[in-house]
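>>> fold the following, please.
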Amino acid sequence: METLSLCGDRCVLFDNRTKDNKKKSQQVLELLSLVNMVLTKNNGKPYTDEIFSELKRGTRKLHEQTEEVQSLQGYTKQEISELTEQMHKSYEEQLKRITEMVESRLKETTIRLEQQLAEEQLARLKAEETAHAAQMKSNEEIRKLRETLERAQQETEELRKRAESGKCVIL
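Down below sits the predicted model:
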C-alpha cells in the first residue's frame, strides 16, 4: 500500500498466463499509456525523485571536482589540500542534505502510518461496540422470547390439567 501511494496510486495488472492475443495487446497498450502519462507529468523524464536527483547531482559534482584536482599542475600541496578539503566538506554537506530528506520522508511516513493505525483502531473499537450492542439486544430478545415461551407452556399445562380434571374449558 505504501509503495502504491508513493507511485501516485498507479498500477498495471497483467495476466501473464493468458493465451488471448487481444488481451495481451490491450495490456501492453495500458502499460504504454501509463508510461506516457508519467512522462508527460514529469516533463519528459520517466522518473523523478528528489533524493535520486540530489544523489546524481552530487555524484556528478564530486566526479568533476576529482578530475579538476587531478589535473591541477603548478599548485602547491597546500592549495591542493585545501581544494580536497573543500570537496570533502561539500560532499559531507550533500550527504547531510540527503540524510535530512530521508529522515523527513521517514517522519512523514511514520506520522501517516500512525494516523492510519489510530483510525483503524478507532474503527475497530466502534465495530466492537456495535457488535456488543447488537449482542446485548439479541440476548434481551432471546430472554423475552424464553419468558413468553415459558408462560405459554405454563398456560398450556394448566389447560391440560383442567381438561384432565373433567372441567369444561373453552379455548
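>>> when you work out contacts or count neighbours from here on, use the C-alpha atoms and nothing else.
Will do.
>>> residues in contact with residue 145?
Residues counted as contacts of residue 145 (Cα atoms under 8 Å, 6 or more residues apart in numbering): none.
>>> same deal with the one 4 residues further on?
Contact partners of residue 149, counting by Cα under 8 Å, 6+ apart, are absent.
>>> phi, psi for it please.
Torsion angles at residue 149 (phi, psi; degrees, to the nearest 10) stand at phi -60, psi -40.
>>> tell me the pLDDT at residue 141?
Per-residue pLDDT puts residue 141 at 96.
>>> is it in a helix, a strand, or coil?
Here residue 141 is helix, with the state taken from DSSP: H, G, I helix; E, B strand; the rest coil.
>>> look up how far residue 148 lies from it.
According to Cα to Cα, to the nearest Å, residue 141 stands 11 Å off from residue 148.
>>> can you check residue 44 too?
77 Å.
>>> again, but for residue 40
72 Å.
>>> so residue 87 touches residue 62, yeah?
Yes: Residue 87 is within contact range of residue 62, at 7.1 Å (criterion: Cα atoms under 8 Å).
>>> show me where the chain has its strands.
Counting by DSSP state E, the chain forms no strands at all.
>>> looking at it, which helix or strand is least sure?
helix 2-6 (a mean of 64; mean pLDDT, DSSP states H and E).
>>> tell me the mean pLDDT for stretch 43-58?
pLDDT averaged over stretch 43-58 gives 68.
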